[in-house]
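Participant: give me the fold of what follows.
(chains A and B)
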Amino acid sequence: MLQIIDRRNDSKNKSAVNRNRFIRRFKGQIRKAVQEAIARRRIADIDNGEKVGIPAKDISEPQFRHGQGGRWSIVQPGNDRFVTGDEFDRPSGGAGDGGSSASPDGEGLDDFVFTLSREEFLDIFFDDLALPHLVKTQLARISEYKRVRAGFTSTGVPTNINVVRSLRGATGRRIAAGAPYVKTLRALRAELEQLESSGAGESKRAEEIRREIARLLRRIEGLPFIDTFDLRYNNRIRIPAPSTQAVMFCIMDVSGSMDDEKKQIAKRFFMLLYLFLTRTYEHIEIVFIRHHTQAMEVGEDDFFHSRETGGTVVSSALELMQQIVRERYASNAWNIYCAQASDGDNWEADSPKCRDLLDSTIMPLVQYYAYIEISEGDPQNLWREYAQVRANHPQCFAMQQIGGMADIYPVFRELFRKKLA
Amino acid sequence: MKRKSSALPAGSEWSFESIERYDREIGRVAGEYGLDGYRHQLEIITAEQMMDAYASIGMPVYYHHWSFGKHFLSTEKSYKHGQMGLAYEIVINSDPCIVYLMEENTLPMQALVIAHAAYGHNSFFKGNYLFRTWTSAEAIIDYMVFARNVIAECEERYGEDEVEQLLDACHALMTVGVDRYKRPPKLSLSKERERRKERETYLQSQVNDLWRTLPPRREREETEVERRFPEEPEENLLYFIEKNAPLLEPWQREIVRIVRKIGQYFYPQRQTQLMNEGWACFWHYTLLYHLYEQRLLGDGFMLEFLQSHTNVTCQPPFNSPHFNGINPYALGFAMWRDIRRICTAPTAEDSEWFPGLAGSDWRESLDFAMRNFKDESFIAQYLSPKLMREFRLFNILDDAERPKLRIEAIHDEQGYRVLRQRLADQYNLGSREPDIQVWNVDLRDERSLTLRHFKYQGRPLGGTRDAMLKHVATLWGFPVRLEEQDENGNVKLLTEVKIDRRRDRHDSAAADADPQP
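Facilitator: Here you go, the predicted model:
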C-alpha cells in the first residue's frame, strides 16, 4: 500500500541550528563584513538585512585532492575539429577544452556571499555598541501593529463580506453564464415575431418556440443569484504602526581633525539614534549639517566623505539648524531630535554663544539633544559650556566623551530609559 | 488524430488522489517490466524543506554542524536569486525508500519524479551489488537518529567547540575513511548500541596497551627485529585513527566511527552516479512512454514531460558555454537505451563488439548490467562505438612535461578501444582521488604517524594538503608526516606537522624537505 505523507506543515527552519552554528563560528569574519557594510550603507538602511561576503578561503572544507601537474587523460564530447595526433596549446584558463577538468584545488578565491537576516545583522551591530539586552530587544522588535485596508480577498469571515463587490461579481457571473441562453432566446423571439406577423402565430412551430422560450427563461431564472464563488471580503493587513513623524538633525564637525575613524564612530552614533526613532515614529526625515567655520546642509555622501580644513565655529551649525526648523519643521507637527558629533575643538569665543543658542532657542524646540565628543584628551571649551546646558535640561540633553563604539550607548541611556519605562 | 486521455488525471494541479493514481499505474507497468525495489513512501515537502534536505545531503535526520549551515546559506542564496532551480526530487536509499516530492511541482513533474525515483533509483538501490554489499537500507535512518543523539549528547557533555573541532577533522578525512575492498559488517542499531558501551570501556585500555612504556620483558624485545606498525599499509585513515589514535577519548572514537560509517554509506553513490542516474532516466522514460502508448496519458502531459526530460539528458559539446563535463544523466541514459537497442536490433558492428549481448532478452541483459557493475566497469563493458560516434567523444592528453596538449584518440575505428578505456578510467575513483595510506607509526620514539601518497600518473597533491595534515594531527595528537612515493618507487617527505597534544603545544612546520634515504 502506497504511503503519501504530507510533510509541508512539519517544523520549518530545520537548518536554523546549522545556520546559527555557521554564524557563530565565523563571527569574527562576519563582524568585519558587517562593519564594512555599515560604512557603506546609508543611515536609513540600517534596519534591513544585508548581504555579506566572507573570504571563501577561511571557510573552506579541505579534502585530499590532486594538484595541477602530472598526466591527465581526459575524454570529452562534441568533437568537431580534431583528429588523432593533433597538438595544440593549452587554453589559457577558463572554460573550454583544456586539461583543466580536474580543477586544481576546487577552492575559489571569491568571497562566500550570503544574506544575514535583519535580526542577525542588528545583533552584530548592537554587539559592537554594547547595548543592554533590554534595549536590544526593544529596538529589534516591531511590537505595535495597526490594521489597514488592503483590497479584497476571496476568503474571509462573514462580517467582512463586501456587499457591493460580491454582488457585482454575481451579476457578472450571471450575465456570463446566461449568455448562451440569451443568444438563443433572441433568435427564437425574432423567429416568433416573424411567424406572428405572417399570421402563423397559432401554428405548431410557434407553439414550440413559445415552449422553448419559456424553458430558456426558466433556465436563466435558475442561475443562482449569488454563489459562494462570488463572495468578496474586505482584506485588512497588519502593518507596523509607529506613531507620527520626526526629523533628525545630524550635525558633524568636518574640520581637518575629524579623521575617517572618528567619522565612522559618529556614523554609528547617528545610526543608533535613527534606529530608535524608527521604532517610535512612522516617518523620519534626516537633515545633515556639516560645519567648519561655516555650516552647510549636505547629502549623506558628502556628509561622511568630504573633508574640509580650517577652524571650527559650532554656532554656525546651530544657527543653520534653527533656520531649517523655522522654515521646514514647524515644531508642533514634528518631533525634532538632534545628534551632534565633534572632536570638541571650537573657536574659544564661540562656545558661550553656542550655549546661549541652545539654552534659549534650540532646547525648547527639540525632544532630545545628544552630543558626543570624540577625543581622548581633556574636554575642550565646548564641553564646559555644554555641561551647563545639561544642568538646565537634564531630561533631554545628553553628552558623552567617547573613545570607541562601546561608549556611544550611554549617550542615549536617558532616551531609551524614558521609552522603556 | 488527437488522443483523448481518459484514464489518468490531466492538468498541472496535483492532488493526493491523482498522485496515488499515477503511482498505481506506474507501479503496474514497472511490475510488468519486472522492476524490483523496496517499498516506497512519498513525502510532500515545500521548497524550504527541500533546501533543508539539500544541506543535510538528503537525509531526513542529521547531526548538527556548521558546514551544513554553510551549504544551506549558499543554496538559499542562489535559489532566492534565481540562479538555480531546486532538484525536483530527492530519494533516500532506505527501506522503505523515501521519495521527496516538492509541493511546487506540477502533476506531470510529480509523475516523472515517481517513475524516476520511486521505481528507477529505488530498484537500483535494491539491485546493484555495491549498494547490496556496502549499505544497509533498512538500518540507515535508525542509524542517523542514533548518530544525532550521540553527537548531541557529546556536545552537551564536552562542549560544542570540542565536538565541532573533531567533526571538522573527521569530515575532511571522510573521503579517505572508507573501506574500498573490505566488506564492512552490516549496520545494526541494537548491536551498535550494545557495542558502544562495550567499546567505551574496553577500547581505551587496549589502545593504551600499544603504548605501554615498560613492557614486562624488555631485554627480549630489544633483540627482536623492529615490529612494523601497521603491518600492512591501511587505506582507511579514519578506521585506523579510530582504532589506534593514542590520545582520543572513547566518545571521540565514537564520533570518528559515526562519520566513517556515514562516509561508507555514501561511497557506492559516488561510484555509480552515471549508472544510477542513467538507469532512473531510462525507466522514467520507458514507463511513462508505455503509459502513453496505452493511451493513459495525454499529449499535453507528454510535452511537458519530454521538455523536462530533454533538459536533464542534454549534453552540450565541449566548446559550448554551458559545457560542464560529461553529463552523467545524458551518457547514462544513452547507454542504457543503447544496450536495449543492441539486444533488440543489433547491427553487424554490435554483433562484433557485443557477441553475447546482441539479440539477447533486453530485460535480462539490463538487469544483469544493473546488478553487477559500477560506473568504471559499466563503461568499459558496454560503451558502444555507435555511442562514441553519437557523443563525438575524443581524448586529450594533458602531460605537464609536454608543452602542448595532444589528441590521443577520437571516435574512429582506431580510437574506440582507447576512448572506452580512458573514459572508464575517468570514472575510476581510485585514479580520480589521490591514493593515501597509513604507512608507518613510530612506536618507540616520538609516536609519529606517517602517511604515504602513492603517485599515479605523476599527479601531485593539491594545495589543501597542509590543511589536511593539520586535521590528521588533531586526531592523532602526535607528529604527522606526509610522504610521496612516485611511480619509480622514490620516496620524499612532503610536509609534516609537529604536535604533541600531551604537552598542549602547537607547533607546526610545513616544508618540502629533501628526499629521504
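Participant: quick one: low-confidence parts of the chain?
Facilitator: If you meant another chain, say so; for now it's chain A. A:1, A:47, A:92-110, A:128-145, A:240-244, A:279-280, A:307, A:331-333, A:413-421 (pLDDT under 70).
Participant: that answer is for a different chain, and I need it for chain B
Facilitator: Low-confidence segments of chain B (pLDDT under 70): B:1-6, B:82-88, B:182-189, B:199, B:201-227, B:502-517.
Participant: which one is the residue in it that chain A sits nearest to nearest to, not counting chain neighbours?
Facilitator: In chain B, the residue that lies nearest chain A is residue B:317 (2.2 Å; Cβ to the nearest Cβ). For the C-beta atoms, the positions are set from N, CA and C on the backbone; glycine is no exception. Excluding its sequence neighbours, the residue lying closest to residue B:317 (Cβ to Cβ, 6 or more residues apart in numbering or on different chains) is residue A:78, at 2.2 Å.
Participant: where along chain B do the strands fall?
Facilitator: Taking DSSP state E as the criterion, chain B carries its strands at B:40-45, B:89-92, B:97-102, B:394-399, B:405-410, B:435-441, B:449-454, B:480-485, B:491-497, B:499-500, B:505-506.
Participant: for the fifth one, which positions count as buried?
Facilitator: Think strand B:405-410. Residues of strand B:405-410 classed as buried by neighbour count (16 or more other Cβ atoms under 10 Å in any protein chain shown): B:405-410.
Participant: all strands of the stretch 251-400 of chain A, in order?
Facilitator: Ranges of strands within the stretch 251-400 of chain A are A:281-291, A:295-298, A:335-342, A:368-374, A:397-402, based on DSSP state E, counting those that start in this stretch.
Participant: show me the one of the ones you listed that comes nearest chain B.
Facilitator: Once those are compared by Cβ to the nearest Cβ, strand A:281-291 is nearest, at 28.9 Å.
Participant: so which elements touch that closest one?
Facilitator: Other helices and strands packing on strand A:281-291, by 3 or more Cβ pairs under 8 Å, 6 or more residues apart in numbering or on different chains; DSSP states H and E, are strand A:244-253, helix A:260-280, strand A:295-298, helix A:300-305, helix A:314-328.
Participant: and that strand with strand A:244-253, angle?
Facilitator: 20 degrees (axes from the mean of the first three to the mean of the last three Cα atoms, to 10 degrees).
Participant: just to revisit the earlier point, with respect to chain B, which of the helices and strands packed on strand A:281-291 lies nearest?
Facilitator: helix A:260-280 (25.1 Å).
Participant: for that closest one, name the packing helices and strands.
Facilitator: helix A:27-40, helix A:118-129, helix A:133-140, strand A:244-253, strand A:281-291, strand A:335-342, strand A:368-374, helix A:409-420.
Participant: follow-up on the earlier one: closest one to residue B:137 among the strands of the stretch 251-400 of chain A?
Facilitator: Nearest of these to residue B:137, taken as Cβ to Cβ: strand A:281-291 at 58.9 Å.
Participant: buried ones in that closest one?
Facilitator: Buried residues in strand A:281-291 (16+ other Cβ under 10 Å): A:281, A:284, A:286-291.
Participant: direction included, what does it pair up with?
Facilitator: Paired neighbours of strand A:281-291 in the sheet (DSSP bridges): strand A:244-253 (parallel), strand A:295-298 (antiparallel).
Participant: keeping just the C-alphas, turn the last one into PDB.
Facilitator: Coordinates of the C-alpha atoms in strand A:295-298 are reproduced here as PDB (Å, rounded to 0.1, in the frame of the first residue of the first chain):
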ATOM      1  CA  ALA A 295      27.700  75.400   8.200                       C
ATOM      2  CA  MET A 296      26.100  73.800   5.200                       C
ATOM      3  CA  GLU A 297      23.300  71.400   4.600                       C
ATOM      4  CA  VAL A 298      24.500  68.400   2.500                       C
END
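Participant: what does it rub up against?
Facilitator: A:287-290, A:306, A:316-317, A:319-320, A:324 (Cβ atoms under 8 Å, 6 or more residues apart in numbering or on different chains).
Participant: hang on, the earlier thing: restrict the buried residues of strand B:405-410 to contacts with chain A.
Facilitator: Filtering the buried residues of strand B:405-410 for proximity to chain A (criterion: Cβ under 8 Å from any Cβ of the partner chain) leaves B:405-410.
Participant: would a markdown table of these with distance to residue B:466 be doable?
Facilitator: Below are these laid out as a markdown table (distance: Cβ to Cβ, whole Å):
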| residue | distance to residue B:466 |
| --- | --- |
| B:405 | 30 |
| B:406 | 33 |
| B:407 | 36 |
| B:408 | 34 |
| B:409 | 37 |
| B:410 | 40 |
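Participant: quick one, which of the strands paired with strand A:281-291 is packed in tightest?
Facilitator: strand A:244-253 (a mean of 23; mean count of other Cβ atoms under 10 Å in any protein chain shown).
Participant: centre of the chain to that one, how far?
Facilitator: Offset of strand A:244-253 from its chain centre (Cα atoms, centre = their mean, to the nearest Å): 20 Å.
Participant: what sits against the residue of chain B closest to chain A?
Facilitator: Residue B:317 neighbours (Cβ under 8 Å, 6+ apart): A:77-80, B:323, B:392.
Participant: for it, phi and psi?
Facilitator: phi -70, psi 170 (degrees, to the nearest 10).
Participant: so residue A:6 makes contact with residue B:42?
Facilitator: No. Judged on Cβ atoms under 8 Å, residue A:6 makes no contact with residue B:42 at a distance of 9.7 Å.
Participant: so for the two, which sits in the more crowded spot?
Facilitator: residue B:42 (24 against 12; other Cβ atoms under 10 Å in any protein chain shown).
Participant: and that one, how far from residue B:24?
Facilitator: As judged by Cβ to Cβ, to the nearest Å, residue B:42 and residue B:24 stand 12 Å apart.
Participant: joint contacts of the two?
Facilitator: With Cβ under 8 Å, 6+ apart as the test, residue B:42 and residue B:24 both reach residue A:2.
Participant: just give me the residue right at the centre of chain A.
Facilitator: The structure's chain A has its C-alpha centroid closest to residue A:48; by Cα atoms, centre = their mean the separation is 4.4 Å.
Participant: who's in contact with the nearest residue to residue A:262 once chain neighbours are set aside?
Facilitator: The shortest distance from residue A:262 to any non-neighbouring residue, by Cβ to Cβ, 6+ apart, is to residue A:374 (4.6 Å). Going by Cβ under 8 Å, 6+ apart, residue A:374 touches A:258, A:262, A:265-266, A:341-344, A:401-403.
Participant: tabulate the residues you listed (CSV), appending neighbour count.
Facilitator: As requested, those are arranged in CSV below (neighbours: other Cβ atoms under 10 Å in any protein chain shown):
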residue, neighbour count
A:258, 23
A:262, 19
A:265, 19
A:266, 26
A:341, 24
A:342, 27
A:343, 23
A:344, 22
A:401, 18
A:402, 21
A:403, 10
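Participant: can you give me the strands for the stretch 1-150 of chain A?
Facilitator: Going by DSSP E, counting those that start in this stretch, the stretch 1-150 of chain A shows strands at A:3-6, A:50-55, A:71-76, A:87-88, A:111-116, A:145-153.
Participant: buried deepest among these, which one?
Facilitator: Highest mean neighbour count among the strands of the stretch 1-150 of chain A (mean count of other Cβ under 10 Å): strand A:71-76, a mean of 22.
Participant: neighbouring strands - and their directions - for that strand?
Facilitator: In its sheet, and by DSSP bridges, strand A:71-76 pairs with strand B:394-399 (antiparallel).
Participant: how far does the partner strand sit from the chain's center?
Facilitator: Worked out by Cα atoms, centre = their mean, strand B:394-399 lies 26 Å from the chain centre.
Participant: now the angle from it to strand B:405-410?
Facilitator: Going by the same axes, to 10 degrees, strand B:394-399 is angled at 140 degrees with respect to strand B:405-410.
Participant: what's in contact with stretch A:32-43?
Facilitator: Contacts for stretch A:32-43 (Cβ under 8 Å, 6+ apart): A:46, A:50, A:52-54, A:116, A:121, A:124-125, A:128, A:250, A:264, A:267-268, A:270-271, A:274, A:286, A:300.
Participant: tell me the residues of the stretch 251-400 of chain B that contact chain A?
Facilitator: Applying Cβ under 8 Å from any Cβ, one finds that the stretch 251-400 of chain B approaches chain A through B:315-321, B:323, B:325-326, B:391-400.
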